[in-house]
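**Q** compute the structure for the input listed below.
(one chain, ligands or ions: 1)
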Amino acid sequence: MITQGLEGVIVAQTALSRVDGARGVLIYRGYDIRDLARAVSFEEVAHLFWYGALPTRAQLDALKKQLAQQRTLPDAALNVLRALPPTTAPIDALRTLVSALDAGRPLTPPDLPQAIALTAQTPVLLAAFDRARRGLAPLTPRPDLDHAANYLYLLSGEIPTTAQVRALDTYLVLLADHGLNASTFAARVVASTGSDLYSCAAAALGALKGPLHGGAPSRVLDMIEAIGAEENAETWMRGALARKERLMGFGHRMYKTTDPRAEILRGLARDVCAPAFFALAQRVEETGLRLLHEQRPAERLYTNVEFYSAAVLHAAGLPKDLFTATFAVSRMSGWTAHVLEQVNHNRIIRPDAEYVGPAAQSVIPLDQRA
Ligand code: ACO
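**A** The predicted structure is shown next:
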């Protein structure tokens with residue numbers, strides 16, 4: 001008996017996050033994501049994952065200082081950066097550069113200082129790549145800026161507005177972890193073999209790239225831009241569904257009601273997006289939900305996190321081809337925490353497959369094969 005896509009199969013224990021898909025609830029270490037999104041910064045969430053508790057003021061200051069100190073890139077990564085063609089997809093650039101961070105080091109087990117360094121370096125790598133492809137030198141990270149603000153600064157060279165920082169920081173809080181999603185599972189599988197943190201992160205980035213996981217938000221923006229005006233939404237979306245295309249930003253393996261992150265991001269998008277764009281996005285969402293419920297009533301398809309992620313990241317000033325890689329700026333905290341959890345209670349993850357190939361065959365000598 002196999003379970004396609006491992007749906008509902010429990011293969012690990014985690015104290016990091018819990019997804020209650022029936023009720024539309026997401027918990028990080030006992031805290032409801034709605035409360036966290038209102039009250040804490042990305043760095044506080046990272047502390048919660050890595051140290052098991054929300055930080056005191058002194059602990060938060062210490063973690064911010066540590067993150068800021070780790071923003072320098074090693075020469076190996078800078079050399080690889082210069083070799084990447086400007087046409088490289090940002091998520092591919094990030095996966096390659098994360099591997100380069102580890103170049104020349106002996107195999108060492110994942111540890112917390114590495115988790116902090118890798119999380120600190122992820123936005124720096126990405127911004128350096130974005131500038132390199134535009135023919136610009138990387139900017140020097142600003143130790144006085146937090147994770148979200150420093151990322152935006154490194155991309156544009158300008159101090160971001162409070163609204164931009166709030167939008168991106170809330171996004172980073174919301175996307176930091178999500179149970180045993182595909183990329184986190186990939187990271188834990190690699191960790192279970194005794195490999196290093198950088199290999200775990202590279203595997204996770206490979207999984208995140210796919211449009212059924214983290215590759216959706218730029219496609220959401222493509223869809224909204226292609227629809228262009230509220231009155232076009234129904235015809236465009238009916239056409240896509242008739243061609244058996246998936247509507248990006250809808251549906252989720254876990255949520256059989258609205259994804260709580262989508263609701264928070266919708267509220268944020270209302271605040272930070274241009275009113276005309278928000279109205280169009282909302283019409284596209286309403287139309288998509290109506291058509292999906294009409295055509296697939298049994299599937300219970302709702303808005304997922306990627307739909308309004310696109311709007312929020314767009315309003316924060318990020319180019320759309322950076323959206324998937326920006327997901328990793330947040331999720332690196334969750335991946336690294338899962339990897340540390342895995343290595344603390346490790347047994348190699350090695351499931352089985354049902355063999356459905358041919359029965360016993362005899363080997364025919366090469367020259368006699370038809
Ligand atoms: N648009 C149209 N049809 C859909 C959609 C959608 N967005 N989502 C699911 N369906 C349909 C499928 O075609 C399938 O029908 P079929 O059995 O006739 O082929 C049925 O609903 C069930 O879909 P599955 O892929 O089996 O559902 P699953 O739970 O495995 O997949 C997934 C979830 C991959 C997210 C899916 O809903 C999807 O492809 N959504 C669009 C892409 C997207 O938004 N990805 C981002 C996900 S959020 C994240 O990972 C951070």
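**Q** now the strands: where do they sit in this structure?
**A** Ranges of strands in the chain, per DSSP state E, are 17-20, 25-28, 31-32.
**Q** can you list the residues of the stretch 251-370 of the chain near the ligand?
**A** By CB under 6 Å from any ligand atom, the residues of the stretch 251-370 of the chain that approach the ligand are Gly251, His252, Arg253, Arg296, Glu299, Leu301, Asn304, Val305, Glu306. All C-beta atoms are positioned from the backbone trio N, CA, C, and that covers glycine.
**Q** next one: the stretch 1-150 of the chain
**A** Contact residues (CB under 6 Å from any ligand atom) of the stretch 1-150 of the chain with the ligand: Gly5.
**Q** the nearest residue to Leu292 once chain neighbours are set aside and Ser156, how far apart?
**A** The spatial neighbour of Leu292 that comes closest, neighbours along the chain excluded (CB to CB, 6 or more residues apart in numbering), is Leu301 at 4.3 Å. According to CB to CB, to the nearest Å, Leu301 stands 36 Å off from Ser156.
**Q** counting neighbours, go ahead and name the busier of those two.
**A** Between Leu301 and Ser156, counting by other CB atoms under 10 Å, Leu301 is the more crowded of the two (21 against 16).
**Q** now for that one: which residues touch it?
**A** Phe250, Gly251, Leu289, Leu292, His293 (CB atoms under 8 Å, 6 or more residues apart in numbering).
**Q** what backbone torsions are found at it?
**A** Backbone torsions of Leu301, given as degrees, to the nearest 10, read phi -100, psi 130.
**Q** out of the strands of the chain, deepest packed?
**A** The highest average neighbour count among those, using mean count of other CB atoms under 10 Å, belongs to strand 25-28 at a mean of 21.
**Q** mean confidence (pLDDT) on that one, please.
**A** For strand 25-28, mean pLDDT is 98.
**Q** direction included, what does it pair up with?
**A** In the sheet, strand 25-28 lines up against strand 17-20 (antiparallel), strand 31-32 (antiparallel) (DSSP bridges).
**Q** gap between it and the chain center?
**A** Chain-centre distance of strand 25-28: 16 Å, with CA atoms, centre = their mean, to the nearest Å.
**Q** grab the CA positions of that strand and hand them over as PDB.
**A** This file holds the C-alpha atoms of strand 25-28, laid out as PDB (Å, rounded to 0.1, in the frame of the first residue of the first chain):
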ATOM      1  CA  VAL A  25      -3.900  27.400  12.000                       C
ATOM      2  CA  LEU A  26      -0.100  27.600  11.900                       C
ATOM      3  CA  ILE A  27       1.900  27.500  15.200                       C
ATOM      4  CA  TYR A  28       5.600  28.200  15.700                       C
END
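**Q** what's the burial count for the closest residue in space to Leu67 that isn't next to it in sequence?
**A** Nearest residue to Leu67, sequence neighbours excluded (CB to CB, 6+ apart): Ala120, at 4.3 Å. By other CB under 10 Å, 22 other residues sit near Ala120.
**Q** quick check: Ala120 vs the ligand, distance?
**A** Counting by CB to the nearest ligand atom, to the nearest Å, the gap from Ala120 to the ligand is 23 Å.
**Q** same question, Ala191
**A** Distance from Ala191 to the ligand, by CB to the nearest ligand atom: 20 Å.
**Q** thought Gly194 was touching Pro109?
**A** Yes: with contact defined as CB atoms under 8 Å, Gly194 reaches Pro109; the gap is 7.4 Å.
**Q** and the pLDDT at the residue nearest to Leu67?
**A** Taking Ala120 on its own, its pLDDT is 98.
**Q** cool, and the one 4 residues further on?
**A** According to the per-residue confidence, Val124 scores 98 in pLDDT.
**Q** which one is it nearest to, not counting chain neighbours?
**A** Going by CB to CB, 6+ apart, Val124 has Arg71 as its nearest residue, at 5.0 Å.
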